[in-house]
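Peer 1: Turn this into a structure:
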Amino acid sequence: TLPNGSLVALVRREGDVLIGSAPPPFTDWTWAELPLSLEAPELLVLDDGHMLAAGCRVVDPDGSTRKTVIGEVDLAGNWTELAALPSGGDTSNLCMALRGSELLVSYDRSHEEKAAIHLARLRLRR
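Peer 2: Here you go, the predicted model:
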């Protein structure tokens, strides 16, 4: 939920990622497309209304290299990448939480000998 009471959603559809919002009663949605594709997208709305998105980004044409990325998004679909986490192979099942000024991101990756769940701790500067 945004500070103005609108709902916001990040949706993956046929390879595209859309961000949308709707004011109460949440029946009239406005959508914008992000400039990149994210698999398993996750959205976190901060108290001040800024939004962070994370997901698995395919970085080569054949789809064999993937990176877990975190970026700032807005309702116009603008994306600013903030971090790429050590990852590869199957990277998904993202979850983000804010603890004070620290962003916690759990995700799995399988580019090492076996699949594993990891936790990244990132300091947010505002």
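Peer 1: Residue 97: what's it in contact with?
Peer 2: Contacts for residue 97 were tallied using Cβ atoms under 8 Å, 6 or more residues apart in numbering; they are 44, 103-104. All C-beta spots, glycine's among them, are computed from the backbone N, C-alpha and C.
Peer 1: can you list the residues you listed in a markdown table and add neighbour count?
Peer 2: Output for the contacts of residue 97, formatted as a markdown table (neighbours: other Cβ atoms under 10 Å):
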| residue | neighbour count |
| --- | --- |
| 44 | 18 |
| 103 | 21 |
| 104 | 13 |
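Peer 1: want to throw those residues into a markdown table with secondary structure and pLDDT?
Peer 2: As requested, the contacts of residue 97 are exported to a markdown table (DSSP: H, G, I helix; E, B strand; the rest coil; pLDDT from 0 to 100):
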| residue | secondary structure | pLDDT |
| --- | --- | --- |
| 44 | strand | 96 |
| 103 | strand | 94 |
| 104 | strand | 94 |
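Peer 1: Closest one of the residues you listed to residue 34?
Peer 2: residue 44 (15.0 Å; Cβ to Cβ).
Peer 1: in the sheet, who's paired with the closest one?
Peer 2: Under DSSP bridges, the beta-bridge partners of residue 44 are residue 52.
Peer 1: Hmm, residue 52 and it touching each other?
Peer 2: Yes - in this structure residue 44 lies within contact range of residue 52 using Cβ atoms under 8 Å: 4.6 Å.
Peer 1: Name the residues contacting each of these two.
Peer 2: The contact sets of residue 44 and residue 52 overlap at 96, 103 (Cβ under 8 Å, 6+ apart).
Peer 1: got a pLDDT number for residue 106?
Peer 2: pLDDT recorded at residue 106 is 88.
Peer 1: SS state for it?
Peer 2: strand (DSSP: H, G, I helix; E, B strand; the rest coil).
Peer 1: Would you confirm that it contacts residue 121?
Peer 2: No - with contact defined as Cβ under 8 Å, residue 106 does not count as touching residue 121 (10.4 Å).
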